[in-house]
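# Just need the structure, nothing else, for what follows:
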Amino acid sequence: MGNKVHPKSVRLGYIKDWESKWFNLKEMPNFIEEDWRIRIYLKDKLKLASVSRISIERQGKLLRINIYTARPGIVIGKGGQGIENLKKELEVMTSRKIVVNIMEIKKPEIDAQLAAESIAFQLERQIAFRRVMKKTIERAISAGAQGMKVMVSGRIGGADIARTEWLKEGRIPLQTFRADIDYGFAEAHTTMGQIGVKVWVFKKELFKKTTKELFDEAKVVDTSKTVLENTQKNQNMV
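Model (predicted):
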């Protein structure tokens with residue numbers, strides 16, 4: 001068995017950021033549990049809102065919660081009533097002052113978590129897994145993703161023996177730290193058991209130099225070489 005490293009954890013502090021931003025050694029166990037309860041509650045409360053992730057920031061008694069969703073209108077509600085109810089319920093749960101920010105996901109097709117949950121939802125409706133995987137990858141590539149990999153594991157199609165099936169298109173450079181790779185996991189609860197769904201999406205390569213920048217660097221190198229050669233010639237003549 002090979003040891004796999006989480007695509008997000010290996011890039012933390014480099015191109016990825018933490019989903020919980022606070023530091024308190026004394027209250028750390030309580031804060032970790034509280035963050036977990038908040039995320040479980042919001043995920044269950046906003047099932048139809050296509051919530052990808054929830055980041056939590058703590059500043060003293062203030063608790064700021066950023067909800068990344070593809071359907072912000074469902075979270076906000078009519079006249080902002082939905083978000084106000086969320087704030088009141090979270091304040092009762094945590095006994096803290098809550099600030100809720102709604103972040104809209106512009107391209108849900110290339111969000112790995114939303115893609116994994118969509119595949120799991122369709123598998124629960126007994127849609128053919130190969131068709132679901134292929135359609136999901138096609139939508140992601142057409143939306144601008146440079147690569148995508150989908151893996152499903154379990155008693156696929158009601159088979160007696162569990163197996164793993166995967167489909168890939170494009171590049172998935174997992175060992176390149178500057179590669180912006182999004183990872184998502186979801187579970188499909190079928191009548192024959194649970195089916196795990198993993199999704200990797202290669203969005204873009206950060207810090208990649210354009211063709212113009214490479215040409216400019218080449219010109220600088222050529223100029224420095226010319227200056228060095230002229231200097232050496234003058235020294236030889238002396």
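# so residue 127 sits in a strand?
No. Going by DSSP: H, G, I helix; E, B strand; the rest coil, the assignment for residue 127 is coil, not a strand.
# For residue 168, see how far away it is.
20 Å (C-beta to C-beta, to the nearest Å). C-beta here means a position set from N, CA and C on the backbone, and glycine is covered the same way.
# now do residue 106
From residue 106 over to residue 168 the distance is 25 Å, taken as C-beta to C-beta.
# Can you pick out the residue with more neighbours from the two?
Neighbour count, other C-beta atoms under 10 Å: between residue 106 and residue 168, residue 168 has more, with 14 against 8.
# what does the helix or strand encompassing that one contact?
Using DSSP states H and E, residue 168 falls within strand 163-170. With C-beta atoms under 8 Å, 6 or more residues apart in numbering as the test, strand 163-170 has contacts from 129-130, 133-134, 137, 141, 145-153, 156, 202.
# mind running it again at 6 Å?
133, 137, 146-153 (C-beta atoms under 6 Å, 6 or more residues apart in numbering).
# which residues pair with the residue positioned nearest the centre of the chain across the strands?
What sits nearest the mean C-alpha location of the chain, by C-alpha atoms, centre = their mean, is residue 182, with 3.9 Å. Beta-bridge pairing for residue 182 (DSSP bridges): residue 201.
# And it, how close does it get to residue 174?
Distance of residue 182 to residue 174, given as C-beta to C-beta: 12 Å.
# Over to residue 134?
On the measure of C-beta to C-beta, residue 134 and residue 174 end up 22 Å apart.
# same thing with residue 84?
To residue 174, residue 84 is 42 Å away according to C-beta to C-beta.
# Same check on residue 117?
Applying C-beta to C-beta to residue 117 and residue 174 gives a distance of 22 Å.
# ok, now residue 59?
For residue 59, the distance to residue 174 - C-beta to C-beta - is 35 Å.
# neighbour count winner among these two?
Neighbour totals were compared for residue 59 and residue 174, and residue 174 leads with 15 against 11 (other C-beta under 10 Å).
# where does that one land in three-state SS?
coil.
# What ranges does the protein have for its helices?
In the chain, helices defined by DSSP state H lie at 28-45, 72-76, 81-94, 112-124, 129-142, 211-237, listed in chain order.
# What ranges in this structure fall below the confidence cut-off?
Scanning the chain for pLDDT under 70 picks out 1-2, 208-211, 213-215, 217-238.
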